[in-house]
Structure formats: structure tokens, C-alpha cells
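A.B. asks: Okay, here's the prediction I keep looking at, along with the sequence it came from:
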Amino acid sequence: MELKTIIYLLLIIIVNVGVFGGLHRLRKSYGDGFKGQMLGVASNLLKLVSSFVSISIIALIFELHLMDYLAIELWSFKKDVSITGFLIVFLVFTISLLVIINRFLSKVFTETRGRGLHSIPVKVTKSLRTWVSFLAFLALIEGVTKITGSSVHIFDIVLLTVAKVQITIGKIVQAIFMGYTVHIVILTIEFFYNQHISSKKIDTGKGRTVFQIVKYFVWVVTIVAIIGSLGISVNVLLAGSAALFVGLGFGVQALFNDFVSGLIILFEGTIRVNDVVELENGIIGKVEEIGLRASKVLTRDNIITIVPNNNFVGKNVINWTYNESKTRFKVNVGVAYGSDVRLVEKILIDAAINNEYVFKTPKPFVYFNDFGESSLDFSLFFWTDESYYVEKVKSELRFAIDDGFRKHNIEIPFPQRDLHIRSGYKS
């Protein structure tokens, strides 16, 4: 190797070390702020360009024609698609650039959330970041294909043929892009819609139910559009699968029953999100989400129960918050015979009125239910909008009632039985 060649190689190495080291120090001096993030992206791009230029110069020094070597076919795919070194280098470059873009977007969204937009859900920012990266990937492929004048367009490669319809990579990518775009739009609209109904103090359950119906309608239209974009006729598809649907209908009747029940619930509005319901099996909880097949109910033990929608339509369900938020409940108590019943009534009402969760209007009242076997039986009726946590309210009332009884020497009796022994009993 000539001395001149060695000097050129050393210069290239020194320049690259200087570029990489200088960019690293410059990036570090700006920290993790927005300017630092922008500089980080720029430095990564400069590193890629510097590496590419250095390799090109080295090839010229050694009189190597890189494009000739990169154009050599390594193997072929379906006999009409050549896998060359240039294609591999392009894929490596594209993936590296996408990693840089994705990191940049991640830092930008993190910085944006740190500047006060904490209410934006993470899934929205993450999905938007993925969508932008995917869009950049498509733009890179299309741009490089046009610049290089490649005779084979990657999006025109046929993967399979269905009913004389050719399914290409481009059609599949288009379908994925359409579906993911709709997903991003729905997530974004849902975020702003939830903020709107919260600011306008609209009923959350009704608002979410309406949005759920609209979302399902949009997805049905999107799926039909995606099938059409693949070149498949929806009418032919439905006609050809009619017999299959009949067979499925008999095989999975319960599943279709749940789907139909889900639609009935959404359109009728008898069960809404945030409603407190009691099922036939004794489960009591708050409706967190209404799906097409099943709904999620959060119990008082903070456990999510998946309930098939048929249980809401085909069985008896108590909806404690259907007509209005406040509901009437009662606490039963018994006192000893000989107690002042009017004083008992006053103690019970005072315990309810002094509780912060009990409505003062309608006013709590007491029923003298019966003369029991060992006690005088009373019921305290009260109204509250804390239906989900009503057991806590009842517990506080019982504590207050017990304190009132102890203060006025009113006893809560034990069950009593009289035992009569016949005369002549022998031990």
C-alpha cells in the first residue's frame, strides 16, 4: 500500500473521529431540552452522511466501483424480484433513519407532555408516533425507488391471488395504513370528545354510549372500504359466504346473541357507562365499558368482571342509577322491648341527617316494622347518590346509631327463647 493511500485513510479516520466526537460534545452541551433533541436528530443524520461519504472516498482510492458491486444479484424472489446489495444497503439505511425518527418523536411527545399536556393519554401519543414513523417509511421507499429508477416497484410485487384478484404488497400496506389511520383518528376524537362532555357536564354514560355507536359504524365503513381497496367485491364476498354464515349461526348462537344484545344495549340505553347495576347472580358493580360481545363491570372489590351482554338483556338486572343518580336505601335495626320508640326514631333520623353522603331532601324517615320475637324492629330509609359505595355509607350510619343508643341507654337485644321443662323429668 502506497504512503499516499495510507495518508488518505488516516485523514478520513481523523475527520470521522472529529465529526463524531464534536457532534457528541455539542449534543451533550444542550442537554435533553427541545433544542438538544433537534440537534440529536441532526447529528445522527450527519453521522450517516459522513459514513456514506467516507465509504465512497475509500472506494475511489482503491478504484472500486461500488455501484457495480452493489448491483450484483445475490438471490431472486419469485424470479422477477432481484435481491441486490444496493437493496440491502437501502434497507439498513432506511431502518436506521426510522429509528432516529422514532426516537425523535418519542422525545418530542415526552417534552410536550412535560409542558402541561399531561391529560393526553399515552396510547394516543404512542399510536401517533408509530403512524408518523410508518408514513416516513412509505415516503422513503417511494422516494428511493423513483430516484434510483428501479425497474421493480416493491409495492407492485404480487403475494397471492384470491378469486382472480392479485393481492400486492402495495394493497396490503394501503389496507394497514387505512386501518391504522382510522384508529388514530378515533383515539384522538375520543380524547377531545371526553374532554368536551366533561367540560359541558354532559352525562358521561350517555356520551360514551353515543360515541361507541359512532365508532362501530365508522369501523364497519372502514372495513368495507379496505376490502374494496384490495379489489374484492363485497357483494360477491357476502353472497359466497352466506352458507358459511348460516352454519356459523347455528354453531355459535350464544356468541351472536351477545353481539345482538350489545347492539340493543347501545341503542336502547338501558345500561350506560358508569351505571351501578346488580345482576341476578348477586354481582354489584359499576359499568366501565360496553363492548359488542361483553361488558366490563367493576365490583366494589376493585375487580373487573367480564359480563356477556346477554345477561343484561335476557335476565333481570337492577340499574340503581337509571332514572337519576340518587337512590333510596335502608338500614335495619332492632331494640329491646320497653325502649322509647319515639326516641329511637329521633336517633335514627339524626344519624342519617348528620351523615355527609345522605340527602337532606327527600328527608330520611323511619318505619316501625314489627314486634319481633325478641326486639322491636325498625328500618331507617335514606337517599344517597353514592350507590357504588353505599355499603360504606351504611357502615357509617350503623356506627352513629350505636353511639346514639349507648348515649341514651337503648339496648339492642340478643335473641331470646323460653325453655319449659315438664314436671317429672328424671336426670
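C.D. replies: Thanks, I have it.
A.B. asks: Contacts for stretch 293-310, please.
C.D. replies: 254-255, 257-259, 261-262, 264-265, 271, 277, 279, 283-292, 312, 388-389, 391 (CB atoms under 8 Å, 6 or more residues apart in numbering). Heads up, the C-betas are built off the backbone N, CA and C, glycines and all.
A.B. asks: how long is that stretch from one end to the other?
C.D. replies: Here the two ends of stretch 293-310 are set 9 Å apart, with distance taken as CA to CA, to the nearest Å.
A.B. asks: pLDDT averaged over stretch 259-275, what's the number?
C.D. replies: The average of the pLDDT scores along stretch 259-275 is 82.
A.B. asks: Can you tell me what sits against that stretch?
C.D. replies: Everything outside stretch 259-275 that qualifies as a contact, by CB under 8 Å, 6+ apart, is 203-206, 208-209, 212-213, 216, 277, 286-295, 308-310, 312-314, 317, 319-322.
A.B. asks: Could you rerun that using 6 Å?
C.D. replies: Outside stretch 259-275, the residues that touch it by CB atoms under 6 Å, 6 or more residues apart in numbering are 204-206, 208-209, 212-213, 287, 290, 292-293, 309-310, 312-313, 319, 321.
A.B. asks: Could you list the domains of this structure?
C.D. replies: Per automatic domain parsing, the structural domains of the chain span 241-319, 327-407.
A.B. asks: Select, out of the ones you listed, the one closest to Pro415.
C.D. replies: Among the domains of the chain, the nearest to Pro415 by CB to CB is domain 327-407 (4.9 Å).
A.B. asks: sorry, back to before: distance to Pro415 added to the domains of the chain, as a markdown table?
C.D. replies: Compiled in a markdown table, these are given as follows (distance: least, CB to CB, whole Å):
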| stretch | distance to Pro415 |
| --- | --- |
| domain 241-319 | 26 |
| domain 327-407 | 5 |
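A.B. asks: These: lowest mean pLDDT?
C.D. replies: Checking each of the domains of the chain, the one with the poorest mean pLDDT is domain 241-319, at a mean of 82.
A.B. asks: Neighbours of Thr384, how many?
C.D. replies: Neighbour count for Thr384, taken as other CB atoms under 10 Å: 21.
A.B. asks: residue ranges for the helices of the chain, please.
C.D. replies: 3-29, 34-61, 66-70, 85-114, 122-148, 169-199, 204-229, 234-240, 242-251, 253-268, 310-313, 341-353, 390-407 (DSSP state H).
A.B. asks: Could you identify which of those is most buried?
C.D. replies: helix 310-313 (a mean of 21; mean count of other CB atoms under 10 Å).
A.B. asks: so how far is that helix off the chain centroid?
C.D. replies: 24 Å (CA atoms, centre = their mean, to the nearest Å).
A.B. asks: Please apply the same query to stretch 287-302.
C.D. replies: Worked out by CA atoms, centre = their mean, stretch 287-302 lies 13 Å from the chain centre.
A.B. asks: Show me which residues of it are buried.
C.D. replies: Val287, Ile290, Gly291, Leu292, Arg293, Ala294, Ser295, Lys296, Val297, Leu298 (16 or more other CB atoms under 10 Å).
A.B. asks: What of stretch 322-340?
C.D. replies: Neighbour-count burial for stretch 322-340 [16+ other CB under 10 Å]: Tyr322, Lys326, Thr327, Phe329, Lys330, Val331, Val333, Gly334, Val335, Ser339.
A.B. asks: again with stretch 269-278
C.D. replies: For stretch 269-278, by 16+ other CB under 10 Å, it's Ile271, Arg272, Val273, Asn274, Asp275, Val276, Val277.
A.B. asks: Roughly how far does the closest residue to Phe329 other than its chain neighbours sit from Ile189?
C.D. replies: Using CB to CB, 6 or more residues apart in numbering and skipping residues adjacent in sequence, the residue nearest Phe329 is Val390, 5.5 Å away. Distance, Val390 to Ile189, by CB to CB, to the nearest Å: 35 Å.
A.B. asks: got it, and Gly291?
C.D. replies: 19 Å.
A.B. asks: Now do the nearest residue to Glu278 once chain neighbours are set aside against Thr130, distance only.
C.D. replies: Leaving out its chain neighbours, the residue that sits closest to Glu278 by CB to CB, 6+ apart is Ile318, at 4.1 Å. Using CB to CB, Ile318 is found at 43 Å from Thr130.
A.B. asks: what do you get for Ser295?
C.D. replies: For Ser295, the distance to Thr130 - CB to CB - is 29 Å.
A.B. asks: got it, and Leu380?
C.D. replies: Noted for Leu380: a distance of 57 Å to Thr130, by CB to CB.
A.B. asks: want to try JSON lines for the helices of the chain, with distance to Asp370 as columns?
C.D. replies: Converted to JSON lines, those look like this (distance: least, CB to CB, whole Å):
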{"stretch": "helix 3-29", "distance to Asp370": "82"}
{"stretch": "helix 34-61", "distance to Asp370": "74"}
{"stretch": "helix 66-70", "distance to Asp370": "96"}
{"stretch": "helix 85-114", "distance to Asp370": "62"}
{"stretch": "helix 122-148", "distance to Asp370": "56"}
{"stretch": "helix 169-199", "distance to Asp370": "48"}
{"stretch": "helix 204-229", "distance to Asp370": "39"}
{"stretch": "helix 234-240", "distance to Asp370": "65"}
{"stretch": "helix 242-251", "distance to Asp370": "54"}
{"stretch": "helix 253-268", "distance to Asp370": "40"}
{"stretch": "helix 310-313", "distance to Asp370": "36"}
{"stretch": "helix 341-353", "distance to Asp370": "12"}
{"stretch": "helix 390-407", "distance to Asp370": "18"}
